[in-house]
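1. Here's a sequence, model it:
(chains A and B)
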Amino acid sequence: MKNNVKITRIKLSITQQRLAQRVGVTRQTIGLIEKGEYNPSLQLCVSIAKELNKTLDELFWEVEL
Amino acid sequence: MKSWISFLLPNDEYKEKRMLYFFAEGGIILFLSLIIMIICNGFFNLDIETALLVSIGIFLFYVSGRYIISGIEYTDIATEHTYKKEIKHIFSRTCSFVVIFMLLYLMVDGVPSNKDEWITIIGLLLSVSLLWFFTSYLSLKRSYNKNKQLL
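-> Modelled structure (predicted):
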């Protein structure tokens, strides 16, 4: 699933490790989500969106990359 | 989702999902192997101990093999520095195991009385520690390669 997590995270100068700690997953999981190789649960999507101050639409709705 | 198996699963949702797949795959392979053993039992006699050991071996070997190869054990190892540090950690952990095992063995069973006993205990200890080191190293290598691509 393509998403805007990586771009948003980099804009906010947050590392994968820090984001992972804040949402309670491993860095590997964040990396996989950013690459679109793992589809997170809705609960995790919401946690990530809250941490990055974005809506679910802004982060996970289908986008042209 | 609540289940009694939760205590065996990690907190991270990706790892949890992968582990559930490994257990489920292992369960199905175990089920199929039991059916094959029942069929084979009609042609040649399998003693119960062998059949049970083979079944346990198949499940353990499959689940742990998949876990090691999947590269999900060392989730934070993504740089050369942390990779080398972790290799040293694995090495020291293996050495600690050898020392503790040997001390416990000597305390419980006493000092081996002849050459054969020494060879048996040292051979067992070396096999177990080499296997442990090799599987940990393989898991680390797979995790490192996977994590590098995700940076």
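2. Contact residues of chain B facing chain A?
-> Listed as neighbours of chain A in chain B under the rule Cβ under 8 Å from any Cβ of the partner chain: B:11-15, B:72, B:75-76, B:78, B:143, B:146-147, B:149-151. To be clear about C-beta, it is placed using only N, CA and C from the backbone, and glycine gets the same treatment.
3. Let me know the closest of those to residue B:106.
-> Set against residue B:106, the nearest of the residues of chain B next to chain A by Cβ to Cβ is residue B:143 (35.5 Å).
4. Just list the residues touching the closest one, thanks.
-> Neighbouring residues of residue B:143 by Cβ atoms under 8 Å, 6 or more residues apart in numbering or on different chains: A:28, B:71, B:72, B:73, B:74, B:75, B:77.
5. Which of the residues you listed fall in helices?
-> Among the contacts of residue B:143, the ones falling in helices (DSSP state H) are residue A:28.
6. rewinding a little: could you pick out the buried ones from the residues of chain B next to chain A?
-> Neighbour counting with 16 or more other Cβ atoms under 10 Å in any protein chain shown marks B:12, B:13, B:14, B:15, B:72, B:75, B:78, B:143, B:146, B:147, B:150 as buried within the residues of chain B next to chain A.
7. which pair in those residues spans the largest distance?
-> Spanning the widest gap among those are B:13 and B:78, at 19.5 Å by Cβ to Cβ.
8. Now do the same for the residue nearest to residue B:22 when sequence neighbours are not counted: helix, strand or coil?
-> Of all residues not flanking residue B:22 in the chain, residue B:66 sits nearest, at 4.5 Å (Cβ to Cβ, 6 or more residues apart in numbering or on different chains). At residue B:66 the chain is in helix, as set by DSSP: H, G, I helix; E, B strand; the rest coil.
9. Provide the count of other residues in contact range of residue B:66.
-> Counted by other Cβ atoms under 10 Å in any protein chain shown, the residues lying close to residue B:66 total 17.
10. and the residue of chain A nearest chain B?
-> Nearest residue of chain A to chain B: residue A:31, at 2.7 Å (Cβ to the nearest Cβ).
11. what's the spacing between that residue and residue B:32?
-> According to Cβ to Cβ, to the nearest Å, residue A:31 stands 35 Å off from residue B:32.
12. Let me see the contact set for the most centrally placed residue in chain B.
-> The structure's chain B has its C-alpha centroid closest to residue B:64; by Cα atoms, centre = their mean the separation is 4.9 Å. With contact taken as Cβ under 8 Å, 6+ apart, residue B:64 is in contact with residue B:135.
13. According to the record, where do the domains of chain B fall?
-> Following automatic domain parsing, one gets these domains for chain B: B:4-70, B:80-150.
14. and the last one, how far apart are its ends?
-> Just to be clear, that refers to domain B:80-150. Domain B:80-150 has an end-to-end distance of 14 Å (criterion: Cα to Cα, to the nearest Å).
15. Redo the domains of chain B as CSV? Include mean pLDDT.
-> What follows is those, written out as CSV (pLDDT from 0 to 100):
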stretch, mean pLDDT
domain B:4-70, 93
domain B:80-150, 92
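16. mind checking which of those domains is nearest residue A:11?
-> domain B:80-150 (18.9 Å).
17. How about the lowest-mean-pLDDT helix or strand in chain A and chain B, any contact?
-> When the helices and strands of chain A are scored by mean pLDDT, DSSP states H and E, helix A:56-60 comes last with a mean of 91. No. Using Cβ under 8 Å from any Cβ, helix A:56-60 never reaches chain B; the gap is at least 15.5 Å.
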